[in-house]
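Colleague: just coords:
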């Protein structure tokens, strides 16, 4: 695994940036909605498509056995799905 990371610098940087977006960006959106109990300005379509797209990337990552694909997209699937659920919960 360590050699794979060393040999794939572009993949490593991509995973780090994706994890930052998925964990910090989407998590902050989840938290903002939860705290305010308000979904005004949240696009249901955008987050539903993000959840579906991320899920398919996870499935593809498992097919390829590529944790660089699986890890950030698993978080994306989780947080985008939570946002979609919050949309219906707080609407």
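Modeller: Thanks, I have it. Just so it is clear, the model here is predicted, and its values are computed rather than measured.
Colleague: low-confidence regions, the protein specifically.
Modeller: The chain contains residues with pLDDT under 70 at 1-2, 4-5.
Colleague: what distance do you get for the residue most central in space within it to residue 3?
Modeller: The chain has residue 76 as the residue nearest its centroid, 1.1 Å off, counting by C-alpha atoms, centre = their mean. Here the criterion is C-beta to C-beta, to the nearest Å. By it, residue 76 lies 27 Å from residue 3. Where you see a C-beta, it was placed from the backbone N, CA and C, and this is true even at glycine.
Colleague: got the buried residues for the longest helix seen in the chain?
Modeller: Looking across the chain with DSSP state H, the single longest helix is helix 67-90. Judged by neighbour count using 16 or more other C-beta atoms under 10 Å, the buried positions of helix 67-90 are 67-84, 86-87.
Colleague: centre of the chain versus it, how much separation?
Modeller: With C-alpha atoms, centre = their mean, to the nearest Å as the basis, helix 67-90 stands 5 Å off its chain's centre.
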